[in-house]
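quick one, structure for this:
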Amino acid sequence: MTGRNDEQRRAGQVSPEDRDRLKRDLEDLGERIGDARAHHNPRVDPTRGRSIGYALRLAIDFIAAVVVGGAIGWFIDDWAGTRPAFLLLFGALGLAAGARNVMRTYRLMVAEATAAGTPPGSGRTARADEGD
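Next comes the predicted model:
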C-alpha cells in the first residue's frame, strides 16, 4: 500500500488514502456483483428433483421386488431341499411384481402431469410455464 511509512506498517494502521482506495474498490466490487446477479437469471425447473425422485423410486421398487422374490424362493428351496425350483418361481414373481410397480408408478406420474395441464413426456410442467 502506498503512502505508509514503516511505523504505520508495523502498527497495522492504514493511511487515509489507502482507506479511501479500498472503500472505492469495495463499492466497485459490489456494483459488479450486482450487475452480474442482474444478468444471471437461471431458470430452474422445479420438477427436476421430482423427476429424479421418480426415477430412483422406479429403480429401487423394481430391484427390491426381484431381490425379495428371489430371497423368498431361496429360503423355501433351502427349507424344502428343492433347489432351484422355488428360487426361479419366486424370482419370476418378483420380476412381475417389480414390473407391475413400475407401471403403476408411471400411471401416477402421467395422471399428475395431466392434472398439472401438461402432456406427459413434454419435460415441462404448468408451474414451469407460468413464468413465460
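
next structured bit after the helix or strand hosting Gly69?
Assigned by DSSP states H and E, Gly69 belongs to helix 48-80. Remark: after helix 48-80, the chain's next helix or strand is helix 85-115, criterion DSSP H and E.

which other helices and strands contact that next one?
Where contact means 3 or more C-beta pairs under 8 Å, 6 or more residues apart in numbering; DSSP states H and E, helix 85-115 is packed against helix 48-80. In this view, the C-beta of every residue, glycine as well, is placed from N, C-alpha and C.

now do the helix it packs on and helix 85-115, the angle between them.
Relative orientation of helix 48-80 and helix 85-115, computed by axes from the mean of the first three to the mean of the last three C-alpha atoms, to 10 degrees: 160 degrees.

packing partners of helix 48-80?
Looks like helix 48-80 contacts helix 85-115 (3+ C-beta pairs under 8 Å, 6+ apart).

now the helix it packs on, how far from the centre of its chain.
The gap between where helix 85-115 is centred and where its chain is centred comes out at 24 Å by C-alpha atoms, centre = their mean, to the nearest Å.

just checking, which helix or strand of this structure averages the lowest pLDDT?
When each helix and strand of the chain is scored by mean pLDDT, DSSP states H and E, helix 126-129 comes last, with a mean of 45.

related to what we said a few turns ago, ok, and for the helix holding Gly69, which residues are buried?
By 16 or more other C-beta atoms under 10 Å, the buried positions in helix 48-80 come out as 54, 58, 61-62, 65-66, 68-70, 72-74, 76-77.
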